[in-house]
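A.B. asks: whatever this is, show me its structure:
(one chain, ligands or ions: 1)
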Amino acid sequence: MTKEEAKKRIEELRKQINHHNYLYYVLNRPEISDAEYDRLMAELISLESQFPDLITPDSPTQKIGAPPKEEFGKIDHLAPMLSLDSCLDEKEVEDFDRRVKRELGVDNVEYVVEPKFDGLSVELVYEKGVFVRGSTRGDGLVGEDVTDNLKTVRPVPLKLREGKVKIPDLLAVRGEVVMKIKDFEKLNEEMVRRGEPPFANPRNAASGSLRQLDSKITAERKLDIFFYDILAVEGVKLNSQWEVLSTLPEWGLKVSSDIRKCKNIEEVYKYHHEMEEKREALDFEIDGIVVKVNQFEYQSRLGIKTRSPRWAVAYKFKPKEEVTRIKDIIVQVGRTGILTPVAILEPVKIGGVTVTRATLHNQDEIDRKDVRIGDKVVVIRAGDVIPEIKARVHVEGEKRREKYHLPNKCPVCGADVVREGAYYRCTGGLSCTAQLKESLRHFASKGAMNIEGLGKKLVDKFVDEGIIRSPVDLYHLEKEQIAKLEGMGDKSAQNLLDSIEKSKEIELARFIYALGIPLVGEHLARVLAQHYKSLEKLASATEEELMQIKEIGPESARSIVRFFRQEGNRKVIEGLLKAGIRFKEIKVEKPSKIAGLKFVFTGKLESFSREEAKRMVEELGGIASSSVSRETDYLVVGEDPGSKLEKAKKLGIKIITEKEFKELIGK
Ligand code: IVH
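C.D. replies: The predicted structure follows:
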């Protein structure tokens with residue numbers, strides 16, 4: 001075959017394959033057998049391997065994963081990815097409806113209702129119809145670059161379909177990546193076979209599978225996606241959520257078939273009820289419905305509050321429950337020594353997922369519910385949270401075991417257990433291997449010292465073999481000690497040593513977080529680092545001083561002071577500093593008037609280039625984006641503005657001149 005002929009055939013094959021993907025994934029109406037589909041794909045792969053320069057990034061063969069990455073890059077979303085306020089009952093939805101009508105000054109509003117998919121939210125960007133990048137939600141403004149991973153998700157088209165609606169010049173679309181329950185169960189069986197911990201629920205499985213540095217692993221997992229929102233679009237005008245949901249499939253983007261337009265709030269209740277019934281029959285998990293005001297004009301009049309729109313709510317389902325028996329009660333010892341009783345259950349399916357354990361929280365909970373080993377109980381599972389025991393089921397005439405009480409010696413290390421409020425705590429500190437393992441895991445985790453390669457299994461081995469007795473020991477490891485552990489070799493030992501070495505230069509905030517002070521999460525650690533700027537100053541702060549800081553309450557203040565007072569903790573810190581930990585300069589955050597505000601530029605600016613302007617916005621904590629959407633705060637207009645000006649006017653976005661912009665940023 002000549003190259004010319006190959007090119008023609010390749011184009012034909014791609015067209016056919018894309019068409020069959022559309023029939024299969026979007027319309028759910030395949031017209032050919034899997035075998036026929038595989039033949040088309042095989043022919044395309046073969047031709048592309050004969051003529052590799054004919055491979056294009058949007059070819060359907062490019063859905064197989066890329067070389068592994070060291071870490072995920074960051075991607076700015078084209079519009080903030082908002083979250084939703086939740087309603088738990090009809091009354092709360094009624095309040096929402098009343099507020100909407102009052103704000104708009106109308107008697108009735110049309111709503112669009114959709115399933116609330118229990119998965120992980122992503123943004124996909126298509127330029128001129130070609131998929132160019134995709135990211136996780138992250139903090140709503142910036143997410144992780146998972147482009148290569150998303151390419152492997154079967155229903156994600158690498159190229160938008162040419163249908164009745166023109167392909168937009170730019171499209172940022174939001175969707176939810178999910179895993180079907182049956183694929184989740186298969187995956188878990190395999191994880192267990194391989195000796196790896198199974199995922200707790202389909203949502204975690206979807207998230208864990210998408211966020212793989214090696215996208216070839218993502219390609220092996222069966223992920224699915226539903227699209228439901230447009231974050232930015234150029235070149236096509238849409239006026240309502242219903243139009244969005246009708247247009248996305250035209251472009252080959254899969255939308256749920258359970259969507260509906262409701263004339264009033266009563267119809268919304270009816271849909272909620274129907275979906276709650278239908279829920280069990282669906283092959284993926286949903287945890288409620290989403291109710292959205294249909295008209296965009298209304299949506300922009302209602303606007304958003306910090307992170308969620310005023311024009312939409314999630315109307316959650318009641319958590320699912322089932323009855324089973326408690327086979328045993330075990331005790332887990334956490335990072336800070338707290339003993340958590342966990343009920344081991346006779347396996348029971350709740351909403352398609354098999355549950356074998358449920359937390360009992362603490363002694364008070366056990367006493368209040370009076371649950372004992374052997375009891376019949378009601379277990380509830382709400383979305384992603386750990387299953388819980390709701391209540392005991394009274395069985396007439398049944399002989400029960402004695403009351404359960406948490407042990408007064410730690411089941412792991414044998415140290416004394418003391419009661420602190422509602423909790424029981426092991427006093428073993430780092431000499432308790434359970435606490436030590438959890439502390440090391442936390443210490444090495446991403447938001448803390450970020451020691452790559454030090455996973456759960458390796459931590460367990462280090463501790464079980466007695467090689468590591470405190471985080472300080474990490475910094476005195478010898479290569480041979482690591483290399484001779486099962487599953488390790490010279491190369492992986494060296495890699496681990498390199499990442500340990502790399503972790504020595506660290507931001508103060510991360511180090512504070514890594515210490516694992518009870519009640520000090522990533523955010524508080526950052527607040528403390530910004531305030532004190534030095535570890536010594538923080539370590540000698542009093543409760544009163546700490547409480548002067550806006551975000552610190554009496555409990556966290558007490559916890560911080562107590563942590564630094566403890567001899568063992570002081571020794572660890574001293575050891576870490578001696579081992580060579582040093583702190584990076586902290587960038588001082590300037591208070592800024594424009595923090596969190598979103599700017600778009602159009603036309604030529606006089607005093608600086610577009611790139612400079614965007615950088616200035618970002619340095620001041622604002623967001624610079626390239627397209628106007630409902631979430632834009634300011635459009636800055638230069639000479640010869642483009643179509644963005646029209647769009648901003650339509651959406652009622654504040655339009656300012658370059659001079660006004662300079663005043664705003666204080667230049
Ligand atoms: S709309 C402004 N629609 O639920 C619109 N979200 O906090 C914001 N979700 O993070 C989201 N199904 O990940 C929307 N049909 C749906 C959804 C949905 C699931 C997720 C989304 C969001 C969370 C709510």
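A.B. asks: now the element after the least confident helix or strand in the chain by mean pLDDT, going C-ward?
C.D. replies: Scoring the helices and strands of the chain by mean pLDDT, DSSP states H and E places helix 610-619 at the bottom, with a mean of 79. Next along the chain after helix 610-619, taking DSSP states H and E as the criterion, comes strand 623-625.
A.B. asks: sorry, back to before: dump the least confident helix or strand of the chain to PDB, restricted to CA.
C.D. replies: This file holds the C-alpha atoms of helix 610-619, laid out as PDB (Å, rounded to 0.1, in the frame of the first residue of the first chain):
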ATOM      1  CA  ARG A 610      -1.400  40.300  27.700                       C
ATOM      2  CA  GLU A 611       1.000  37.800  29.300                       C
ATOM      3  CA  GLU A 612       2.400  40.500  31.700                       C
ATOM      4  CA  ALA A 613      -1.100  41.500  32.700                       C
ATOM      5  CA  LYS A 614      -2.100  37.900  33.400                       C
ATOM      6  CA  ARG A 615       1.000  37.400  35.400                       C
ATOM      7  CA  MET A 616       0.300  40.500  37.500                       C
ATOM      8  CA  VAL A 617      -3.200  39.200  38.200                       C
ATOM      9  CA  GLU A 618      -1.900  35.900  39.300                       C
ATOM     10  CA  GLU A 619       0.800  37.300  41.500                       C
END
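A.B. asks: now that helix: buried residues?
C.D. replies: Within helix 610-619, the residues that qualify as buried are 610, 613, 614, 616, 617, counting by 16 or more other C-beta atoms under 10 Å. Quick note: C-beta positions are derived from backbone N, CA and C, even for glycine.
A.B. asks: what about residue 422, neighbour count?
C.D. replies: 11 (other C-beta atoms under 10 Å).
A.B. asks: measure it to residue 623 for me?
C.D. replies: Taking C-beta to C-beta, to the nearest Å as the measure, residue 422 falls 42 Å from residue 623.
A.B. asks: same deal with residue 277?
C.D. replies: Distance of residue 277 to residue 623, computed by C-beta to C-beta: 42 Å.
A.B. asks: for residue 311, same thing?
C.D. replies: 21 Å.
A.B. asks: quick one, what contacts the residue in the stretch 451-600 of the chain that the ligand sits nearest to?
C.D. replies: Closest to the ligand within the stretch 451-600 of the chain is residue 598: 14.5 Å, counting by C-beta to the nearest ligand atom. By C-beta atoms under 8 Å, 6 or more residues apart in numbering, the contact set of residue 598 is 79, 80, 622, 623, 624, 625, 631, 632, 633, 634.
A.B. asks: and those residues, which is the shakiest by pLDDT?
C.D. replies: In terms of pLDDT, the lowest of those is residue 622, showing 77.
A.B. asks: hang on, residue 500 packs against residue 473?
C.D. replies: No. At 10.6 Å, residue 500 does not count as touching residue 473 under the criterion of C-beta atoms under 8 Å.
A.B. asks: of those two, who's got more company?
C.D. replies: Taking neighbours as other C-beta under 10 Å, residue 500 and residue 473 compare with residue 500 leading, 21 against 16.
A.B. asks: so where's the longest strand in the chain?
C.D. replies: Counting by DSSP state E, the longest strand found in the chain is strand 320-333.
A.B. asks: buried residues in it, which are they?
C.D. replies: Buried residues in strand 320-333, defined by neighbour count with 16+ other C-beta under 10 Å: 320, 321, 322, 324, 325, 326, 329, 331, 333.
A.B. asks: pLDDT on that strand, on average?
C.D. replies: 93.
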